[in-house]
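> Pasted the sequence and its predicted model underneath.
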Amino acid sequence: MQLSDERCVPCRDGAPTLTSEELDELLPSLSGWHVVDHHHFHKVWSFPDFQSALDWVNQAGAVCEAAGHHADFSLGWGRAEAVIYTHKVGGLTRADAVLAAKLDAIGEMPAAPLT
């Protein structure tokens, strides 16, 4: 089963965050995502114009709603940015990796993420 096919499983307060070893196992499945301060996933996508970026963010929002797990988005002309982490535990869980993979699975992705 691919990571994007898994369900986001809600965690409870005090649940453990992902270890460095678990992150090392998951990252190869997440194209272009970066782990920042062992706290959150971050990715920026490029688009040809504002409307394309807005359309993608709207699709990503629907994915988040369906999963019951929500990313933080930033939107501008020709770009969309996502930050994902589990607020309840103040860090990364498997559900965050699942959501990142689900966002990557939205339609045809732009040619290359910005770094």
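Received, thanks. Numbers count the residues shown, from 1 in each chain.
> Could you identify the helix or strand that succeeds the top helix by length along the chain?
The longest helix of the chain (DSSP state H) is helix 50-67. For helix 50-67, the following helix or strand on the C-terminal side (DSSP states H and E) is strand 72-76.
> Now the longest helix of the chain: average pLDDT?
Across helix 50-67, pLDDT averages out at 95.
> report the angle between the axes of that helix and strand 72-76?
If you take axes from the mean of the first three to the mean of the last three C-alpha atoms, to 10 degrees, helix 50-67 sits at 170 degrees to strand 72-76.
> packing partners for helix 50-67?
With contacts taken as 3 or more C-beta pairs under 8 Å, 6 or more residues apart in numbering; DSSP states H and E, helix 50-67 sits against strand 72-76, strand 79-84, helix 94-104. Any C-beta I mention is one placed from the backbone N, CA and C, and that applies to glycine too.
> Kindly spell out which helices and strands sit in contact with the longest one.
Read that as helix 94-104. Using 3+ C-beta pairs under 8 Å, 6+ apart, helix 94-104 sits against helix 20-26, strand 40-46, helix 50-67, strand 79-84.
> Please identify which of these is closest to A101.
With C-beta to C-beta, the closest approach to A101 among the helices and strands packed on helix 94-104 belongs to helix 20-26: 8.8 Å.
> That closest one packs against which elements?
Partner elements for helix 20-26 (3+ C-beta pairs under 8 Å, 6+ apart): helix 94-104.
> can you pull the buried residues of the helix it packs on?
Residues of helix 94-104 classed as buried: R94, A95, D96, A97, V98, L99, A100, A101, K102, L103, D104 (neighbour count, 16 or more other C-beta atoms under 10 Å).
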